[in-house]
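Need a 3D model of the following:
(chains A and B)
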Amino acid sequence: MTLTALAALVPLLPFLGAAAALLLGRRAPGFVRPLAVLPTATAFVLAAVVAARQGTGAPTDAAHRLTATGSVPIDLALHLDGFAVLVAVLVGFVATCVQLYSVSYLRDDERYASYTALVSLFTAAMFLVVYSGDLMLLLVGWEVMGICSYFLVGHYWENETARAASIKAFLVTKLGDVPFLIGVFALATDAGSFRISRILTAAAHGQLQHPTLVALLLLAGVAGKSAQFPLHTWLPDAMAGPTPVSALIHAATMVAAGIYLVARLLPVFTASAAALAVLAVMAAVTMVGSGLAALAQDDIKRVLAYSTIGQLGYMAGALAVGDRAAAVFHLLSHGVFKALLFLAAGALIQVAGTNSLSAMSRMPGLGKRAPDVRWTMGLGLAALAAMPPFSGFFSKESVLRAAEHASQGDAAHVPSAVGWTVLVAGLVTALLTGAYATRMFLLAGGSRAERPAEAAPPAAAEAPAEAPAAAAEPAPETVRADRKVPLPMLTVLWLLAIPTLAFGGLAYRELPDWFGGGSLAPTLITAVLGTGFALVGVLITYAAWKATDATRRATPFGAVVAEPPGVEPALVEAEAIATHEEVYGDIASAADPADPGRLLLGPLHRHAAHGFHLDAVYSVLFVRPVLAAANLVRFLDREVVETYVRGAGGTPRLLGAAVRRAQNGNVQTYLSALLAGAVVLAVLVAVGA
Amino acid sequence: MHLAYPAVLAALLFCVGVYGVLARRNAILVLMSVELMLNAVNLNLVAFDVWLRDTLHAGQALTLFIITIAAAEIGLGLAIVLLVYRNRGSSDIDRLTALADHGQPAPDGPDLPGPAADDEKAEATA
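Next up is the predicted model:
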């Protein structure tokens, strides 16, 4: 088969799998699991074949025009280069892992068929975005991913949190997508084509008339999709979805789509220094803010969500300094280790029976109960904190190196202030990343001391008294100890741990050939600075953890869900999400005095836990005005428009009442009227004649 | 015989029929009045047929036709009256007002059972 046909099959297979799973889901439940895993796994293999055949050669372009579409033509176009094929391999790999993991994780879920169909559809859409050589085609995949994200975040739609989160995710990303669409149109009008290759040619020859405007409009969409400040607020809430969804969509792939798009269209952005500056400031604010917020979260998945936002900020920073190779390198390594972290967190929630780090930190021997999860999560966190020799170290170093390069004014088109912004923010974030990764690792490890069961009443004094007994039931040790992580889930974790460990070190020499860019090898100064900052963060957090150890022993805290040991893992998580707010009083943070994050952040903790009150600001700025406007419209409709309608209806009704009196049901009256009419007519005719 | 006699007789018969149809309460009497009106027309048809010396005797043919139709009509009519009487215990035509539109229907809700329904019940029990 030709390379083009192979590449076209890659998005097509998961799409067909999704359609088949949706059609057969109810009638033949036995086919759903193979239909979920096999097309995705085949697509992964094909993506790897495409990558191997494309290799480091010249980009492959193929296009087919279905029909003429007026002024600017729309093609079904493929564009395969080093970026596209490698990102596709990542998508295939993570999607296959997630599908395998979901087989155990959601094994008894009654909505498994539609869940898996949506995940497959999402995978197909992401492949489409990655391979697409036409902006319109890319937009199709982009929007399909958005709607899949909406449905999958709302997978537990019985749960108020999940419903609100899915609507929020959809609305906030759409808020970015509208300017994005306008930007795509403006770009196509300037370049005369939706084809990415032609747009890049036009940008290289300076034929774009409004580069700043177009780049800023596109950035709005990118900020929405890739969860960058100020449109990042949907991502932490999106953690109300099942863990595999968070791993696939909200960590490894969809949120990376925005970064990938900017990487593809980078010449358009470098044509405008203002756009680069905006991107750099956006990335810097995102990085630092999300690092602080991650340090204050209590829900383990929200910690990971904020860390995702921060890592996406790194990628955006790399793009702002004009180095797309570094950005995509970080995208690849981050996709793998963040998927690992999320899937490990899912397993940990199942074992612990809670998603609260404070509650986990008091569980005796939690780390020993699930050693595989503990180890793989440790590997993932070390990669996240950019410890050498994990993959995160190399990719983050390449970003810092690019920023350092730009700050010296050596990068074309990039102002050195942009480089400095990214570099400083990146170093500060390295420190914060080290801190929150350490905090998560230490708290999720449980307490070391084996305490008698009666000394650890899980329903805490701090937990509100009205917490329902079913949710905050003190689960006996036996119940919790029996809840084992299924073997397929552990296999997936170790499968993901391999590239987490080895990808960066093996790939940084090869990738420049694929990406056609400069070297990605770490340099001494950024490596020492970055690792040093991260180590400082690690040590400070460790010290804080030690300092709060006594408090932690003294104050029991937290509650676990009371699911029986044989239940599917997803149910534990669903219940943990549903009850988190009523048990701990807050969706984001817990009133735990022994949290090292609380000690480190001091008075900032309360603000950081709530994402610096950005949601409240949005509520004041947008939600309440919109609600007030809606109320006004309702008032106008109910009271004003309705009055006219009633008036218009009332007059005919009165006339009708008058006519209705004649209808008394007496046939003889009717006949009399008929006769009278006939006589009158006859008389009239006679007189007239 | 002068044409005036049958014409005046027919007119009188027709007027009696019209009065009966409009004023009588009993449905059978109403039917009989209808017959009177038909027969007045028949009388006219025969009289004018003779007076015009119609070679085809279209008037007489039409009269026979009407008599046939009337016989069928009265058969059906009496059957209906009989059924109405059996159902309602009455053949008073001015009480058979089930098709009347009584008063103002509620604007939003379904129509409430009006006086007609009560009448029907009263008739059914009578």
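
Report the residue spans of chain B with pLDDT below the cut-off.
B:102-126 (pLDDT under 70).

Now do the helices for it: every range, in order, please.
B:4-23, B:27-51, B:58-88, B:115-125 (DSSP state H).

Tell me the helices and strands packed up against the third one.
Helices and strands touching helix B:58-88, by 3 or more Cβ pairs under 8 Å, 6 or more residues apart in numbering or on different chains; DSSP states H and E, are helix B:27-51, helix B:115-125. In this view, the C-beta of every residue, glycine as well, is placed from N, C-alpha and C.

before we move on, back to that, out of the helices of chain B, which one sits most buried?
Highest mean neighbour count of the helices of chain B: helix B:27-51, a mean of 18 (counted as mean count of other Cβ atoms under 10 Å in any protein chain shown).

contacts for that one?
With contacts defined as Cβ atoms under 8 Å, 6 or more residues apart in numbering or on different chains, helix B:27-51 is touched by A:668, B:3, B:6-7, B:9-14, B:16-21, B:24, B:57-60, B:62-63, B:66-67, B:70, B:73-74, B:77-78, B:81, B:84, B:91-93, B:96.

Dump the helices of chain B to CSV, plus distance to A:P11.
Output for these, formatted as CSV (distance: least, Cβ to Cβ, whole Å):
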stretch, distance to A:P11
helix B:4-23, 83
helix B:27-51, 80
helix B:58-88, 73
helix B:115-125, 67
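
quick one, which of those helices is nearest to A:V144?
helix B:115-125 (58.7 Å; Cβ to Cβ).

Pick out the residue of the stretch 551-689 of chain A closest to chain B.
The nearest approach of the stretch 551-689 of chain A to chain B comes at A:G665, 2.7 Å away (Cβ to the nearest Cβ).

and that residue, that's in a strand?
No: using DSSP: H, G, I helix; E, B strand; the rest coil, the assignment for A:G665 is coil, not a strand.

ok, now which ones touch it?
A:G665 touches B:96-101, B:116, counting by Cβ under 8 Å, 6+ apart.

again, only using 7 Å
By Cβ atoms under 7 Å, 6 or more residues apart in numbering or on different chains, the contact list for A:G665 reads B:97-100.

do the same with A:S307
A:S307 sits next to A:294, A:384, A:433, A:436 when contact means Cβ under 7 Å, 6+ apart.

element containing the first one?
Per DSSP states H and E: A:A294 is located in helix A:273-296.

And the most centrally placed residue in chain A, how far from chain B?
In chain A, the C-alpha closest to the average C-alpha coordinate belongs to A:H250, at a distance of 2.6 Å (Cα atoms, centre = their mean). Relative to chain B, A:H250 is positioned 48 Å away (Cβ to the nearest Cβ, to the nearest Å).

what's near enough to touch the nearest residue to that residue once chain neighbours are set aside?
Distances taken as Cβ to Cβ, 6 or more residues apart in numbering or on different chains put A:A238 closest to A:H250, at 5.1 Å, once the chain neighbours are dropped. Applying Cβ under 7 Å, 6+ apart to A:A238 gives the contacts A:153, A:165, A:169, A:250.

Tell me which two in these are the farthest apart.
A:A165 and A:H250 (10.5 Å).

Please convert the contacts of A:A238 to JSON lines, extending it with pLDDT, distance to A:A534 and secondary structure.
Shown next, in JSON lines, are the contacts of A:A238 (pLDDT from 0 to 100; distance: Cβ to Cβ, whole Å; DSSP: H, G, I helix; E, B strand; the rest coil):
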{"residue": "A:V153", "pLDDT": "87", "distance to A:A534": "31", "secondary structure": "helix"}
{"residue": "A:A165", "pLDDT": "87", "distance to A:A534": "31", "secondary structure": "helix"}
{"residue": "A:A169", "pLDDT": "88", "distance to A:A534": "30", "secondary structure": "helix"}
{"residue": "A:H250", "pLDDT": "77", "distance to A:A534": "24", "secondary structure": "helix"}
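
now the residues you listed as CSV including distance to A:R638?
Below are those laid out as CSV (distance: Cβ to Cβ, whole Å):
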residue, distance to A:R638
A:V153, 33
A:A165, 31
A:A169, 32
A:H250, 40
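
Make a PyMOL selection of the buried ones in those.
Selection command for PyMOL covering only the buried members of the contacts of A:A238, criterion 16 or more other Cβ atoms under 10 Å in any protein chain shown:
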select buried, chain A and resi 153+165+169+250
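
right, and out of the contacts of A:A238, which lies closest to chain B?
A:A165 (38.8 Å).

ok, now which ones touch the closest one?
Contacts for A:A165 were tallied using Cβ under 7 Å, 6+ apart; they are A:153, A:237-238, A:240.
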